[in-house]
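S.K.: Sequence below, structure please.
(chains A and B)
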There are 2 protein chains.
Amino acid sequence: MTSSSLSPPEKLPIKRQVFHGTFVHCKNLTHLEILHDTYVFVDEHGVIVKILSGDGTGDARDLREDVGELGWDTDVDDEREIFEYVDSSKDEHEAHKNKKITNPINILLDTHIHAPQYPNSGLFGSSTLLNWLNTYTFPLEASLSALPKARAIYSRVIQRTLSHGTTTAAYYATIHVESTNLLADLCLQKGQRALVGRCCMDSDSGANPEYYRDDNPTQSLERTKECISHCENVDPDRKLITPILTPRFAPSCTPQLMCSLGEIARENDLPIQTHISENRSEIHWVKELFPECYSYTHVYDKYSCLTQKTILAHAVHIGEDEAALIRERGSGIAHCPVSNSALTSGMARVRWMIDRGLNVGLGTDVSGGFSASVLAAARESSFVSRCAAAWIGASENTNGKERDTLSVPEVLYLATRGGAKVVGMEDKIGGFEVGKVWDAQLIGLGTPLMYRKEGEWEGQEETHEVEVSPTGPVDIFGWENWDEKVAKWVFNGDDRNTMKVWVNGRLVHQRRN
Amino acid sequence: MTSSSLSPPEKLPIKRQVFHGTFVHCKNLTHLEILHDTYVFVDEHGVIVKILSGDGTGDARDLREDVGELGWDTDVDDEREIFEYVDSSKDEHEAHKNKKITNPINILLDTHIHAPQYPNSGLFGSSTLLNWLNTYTFPLEASLSALPKARAIYSRVIQRTLSHGTTTAAYYATIHVESTNLLADLCLQKGQRALVGRCCMDSDSGANPEYYRDDNPTQSLERTKECISHCENVDPDRKLITPILTPRFAPSCTPQLMCSLGEIARENDLPIQTHISENRSEIHWVKELFPECYSYTHVYDKYSCLTQKTILAHAVHIGEDEAALIRERGSGIAHCPVSNSALTSGMARVRWMIDRGLNVGLGTDVSGGFSASVLAAARESSFVSRCAAAWIGASENTNGKERDTLSVPEVLYLATRGGAKVVGMEDKIGGFEVGKVWDAQLIGLGTPLMYRKEGEWEGQEETHEVEVSPTGPVDIFGWENWDEKVAKWVFNGDDRNTMKVWVNGRLVHQRRN
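M.R.: Sure, this is the predicted structure:
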């Protein structure tokens, strides 16, 4: 039904493209901008070079002058991609009855995902973090030393995340050099923008099982450098692949390793990713292991891992002092609500973080999170914010603070522009602007089920018949405005609505049919 | 892609059927029974008359003797439905590589859904109950006085819920007699088991808008009786359709109306459905409106609406005395976690309810809940229980009480046998047992992505290629046991996994392809 990785992108000819239709992206945290009848010009490097508004009629514009100004060949029309849409809230001619609604929405970014854990999606029982790691996670990760297994799993997780509209993913791999390099190769081949990190875990604190850990800091560093070199060899300009330093979490790393990783990060301008303050037992343990540090956050700071390019996953239980330090260092938070709910970790206070000036993006945290979809994470972030608000309200005997709940524009901001900031790519991706690259997905919402005829709403034939929409559970009846269409997609959408996905201007996933 | 309502079921010839395969149902709250290589015999009335185990090899059994004992024609073989499955954790022959996993799981029951609100799925903004009703709900419900609109919407919601595997739904309609009767007709035509209730709302307390309410208790009762008569005419034996008395919620009903409805319920052995204790402002309001009553629950009890056949939706904030009274009366709870999260109502304490001996089922509460899928409600009930457990744990500086979290078997129990009790049909539906009717769905989980060859795991070709499974986001790798397969379905499954749905032994939905 769906297809991805149409052809290794590096082998595809790059063409100049013009996209025409309705574009949805987040201007800022609270404002979802919906640009109708708009033209986006993308050059041969995948960069947006011009954005124009149509005349409001939706009629095709003569682009010869526009492309001439760009110095393009004026015969660009056959590269034009049109996103049709129909506004069925007006009385429509019969001819318009069956038009499909499609509109491109911005990229989706996954700021935290464990690629090797993908086969465990949905398997967590009633475990919490520390026993979950030992029961479900480490045995599976260890088994990815076998390359055929790694290849099958990594191929699948990249295809799946692309099919969910994930244009950029910050991946944790395993401790294995070869498998980690394979993950980078596969991302490059399938055309997904990725940060790829070998898991560093050298401590004998008890956090790492004997069968699955680096022997010592020196070995861990050497292995890590091998992976960095590999990424630099296959994609020297970091067009798609960025190596990322990945101390798993404080209990699994020696201070010596963390310091060295921080140093490499500084010398090579590399990002870092790790976990923080996910679960109360973990926090107690960190306190025991690093008694000299004021807090969990201060551990990473002391050992050079809290940089402007650090992605901190979870941060469910951080306190005021920690938030202040994270803000000062400019690190970002990967909020992983599905995982936090599944592993009974708690409800991260996203509004509280935003109020304190922290950058927040969304992570699926597969397989602590059961779903590889960032859209599912956006949905759950909205819900968790409401559960927390209601609970806080309980003590005040009110319905909770409305301000604490995250709106549709806000969760989409976290999934797009917020995520772009967290992975340090806000200049390149996160919205439709001149100078950014064309990372995007085309959302299809099917045919409206009803239409207005002489002022009355009537059902299309298929409303009564056997067919259930191939674009998933989203049902557009015809009278919804665009904000409502977007909300329907956020709450009921799935991979069936992701019709096409582009990264760096290249088509990397397309639904069949 | 999918189809439902293949043909009006009352016109279909009824045949005797034998189903063979793996059956999954809940024996009780904590025990998910998985019956392999099992035969279920369903007679011409749709009743299960015999259940047999195979010899464990999965080889087809000669059924002539078995059906002979039932007095059936022994030539039953061509009616036999086989659910193939493959256990790929063993080394398999090449020939088995591409076998699909299918297994029937029990019915899913929706104990609380507002059919007319379906077009608003996903639209709730940051509203809470009382402003949500006025902003989103009443205007849409009022517009269903137009029968063409009602027909289109009701057709769609029945098709959708069938496609999600909902074999039984307890529907709220609107105040309109004709539209409500149309809903009953459509359920009957499409073959869904349904409780259908006209909304009773006659109060001028401010709960009901002037443009959308019954004029007085007498009119409300008369209209209600018209709907009951209609249901009795079209389905006198309540084989599929049961009328249900539906006082909307205490603020929208006069005491006189509630008393009369309670009386009709008693005289005609009819169920009742209403809302209770969803939101704190609502609770305060009920206290103001009914100062003579000790609690919200006591309002319904005082006015004769708390019976053994009453379905109480939400019950998020009920106290000990209320739980005790509900238990004494034998009423059931429709737990609606998606709705409670979306409308910032709070987190219902399901474990607490179960500990107090209450019957609990699941409701989608469309469109307070955004999703028409009971599976989505089951998933969210698991998550809400974990959020609440973590929050409670916070005050104790622990990871929360594991006991408070709901397991996979438990949420499936709520969705099946628990729901059957709540709608008063536990003798008829809820599990695979002799004497119960054949209400079931067939779950397809696609082809395992990997297989074991000479002890090593290898990827099927499609793992690496362009195809993403048509059975949705559930990925079975091949090594999962059956409990794990079920968990994967619960957390990542959707309508793409619902291959077939039967009610009363009749096939009422079938996915194409």
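
S.K.: Count the neighbours of A:Gln510 for me.
M.R.: Counted with other Cβ atoms under 10 Å in any protein chain shown, the neighbours of A:Gln510 add up to 18. From N, CA and C alone the C-beta is placed, and that goes for glycine too.

S.K.: before we move on, what about A:Asp495?
M.R.: 24.

S.K.: measure A:Tyr300 to chain B for me?
M.R.: According to Cβ to the nearest Cβ, to the nearest Å, A:Tyr300 and chain B sit 22 Å apart.

S.K.: now do A:Cys199
M.R.: A:Cys199 is 21 Å from chain B, where distance means Cβ to the nearest Cβ.

S.K.: what's the neighbour count on that residue?
M.R.: A:Cys199 is flanked by 26 other residues according to other Cβ under 10 Å.

S.K.: Equivalent analysis for A:Val474, please.
M.R.: Look at A:Val474: counted by other Cβ under 10 Å, it has 23 neighbours.

S.K.: Ok, A:Ser205 next?
M.R.: Taking other Cβ under 10 Å as the criterion, the count of residues near A:Ser205 is 16.

S.K.: Quick check: it is in a strand.
M.R.: No: per DSSP: H, G, I helix; E, B strand; the rest coil, A:Ser205 lies outside any strand segment and is coil.

S.K.: if I pick it, what's in contact with it?
M.R.: The neighbourhood of A:Ser205, defined by Cβ atoms under 8 Å, 6 or more residues apart in numbering or on different chains, consists of A:Pro251, A:Ser252, A:Leu289.

S.K.: can you list these in JSON lines and add pLDDT?
M.R.: Putting the contacts of A:Ser205 into JSON lines (pLDDT from 0 to 100) gives the following:
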{"residue": "A:Pro251", "pLDDT": "98"}
{"residue": "A:Ser252", "pLDDT": "97"}
{"residue": "A:Leu289", "pLDDT": "97"}
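
S.K.: Considering the residues you listed, which possesses the most neighbours?
M.R.: Going through the contacts of A:Ser205 with other Cβ under 10 Å as the criterion, the one with the most neighbours is A:Ser252, at 23 neighbours.

S.K.: closest to chain B among the contacts of A:Ser205?
M.R.: Of all the contacts of A:Ser205, A:Pro251 has the smallest distance to chain B: 15.5 Å, by Cβ to the nearest Cβ.

S.K.: That closest one touches A:Glu282, doesn't it?
M.R.: Yes: the criterion here is Cβ atoms under 8 Å, and A:Pro251 meets it with A:Glu282 at 7.2 Å.

S.K.: want to try a markdown table for the contacts of A:Ser205, with secondary structure and distance to chain B as columns?
M.R.: As requested, the contacts of A:Ser205 are arranged in a markdown table below (DSSP: H, G, I helix; E, B strand; the rest coil; distance: Cβ to the nearest Cβ, whole Å):
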| residue | secondary structure | distance to chain B |
| --- | --- | --- |
| A:Pro251 | helix | 16 |
| A:Ser252 | helix | 19 |
| A:Leu289 | helix | 18 |
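
S.K.: what's the closest of these to A:Ala390?
M.R.: Distances from the contacts of A:Ser205 to A:Ala390 were compared by Cβ to Cβ; the smallest belongs to A:Pro251, at 33.2 Å.

S.K.: Please tell me how far the residue nearest to that closest one when sequence neighbours are not counted sits from chain B.
M.R.: Distance criterion Cβ to Cβ, 6 or more residues apart in numbering or on different chains; nearest residue to A:Pro251, sequence neighbours excluded, is A:Ala207 at 3.8 Å. As defined by Cβ to the nearest Cβ, A:Ala207 lies at a distance of 17 Å from chain B.

S.K.: and if you look at A:Ala146?
M.R.: For A:Ala146, the distance to chain B equals 7 Å [Cβ to the nearest Cβ].

S.K.: Please tell me I have it right and A:Asp215 contacts A:Ser203.
M.R.: No: with contacts defined as Cβ under 8 Å, A:Asp215 does not count as touching A:Ser203, sitting 11.2 Å away.
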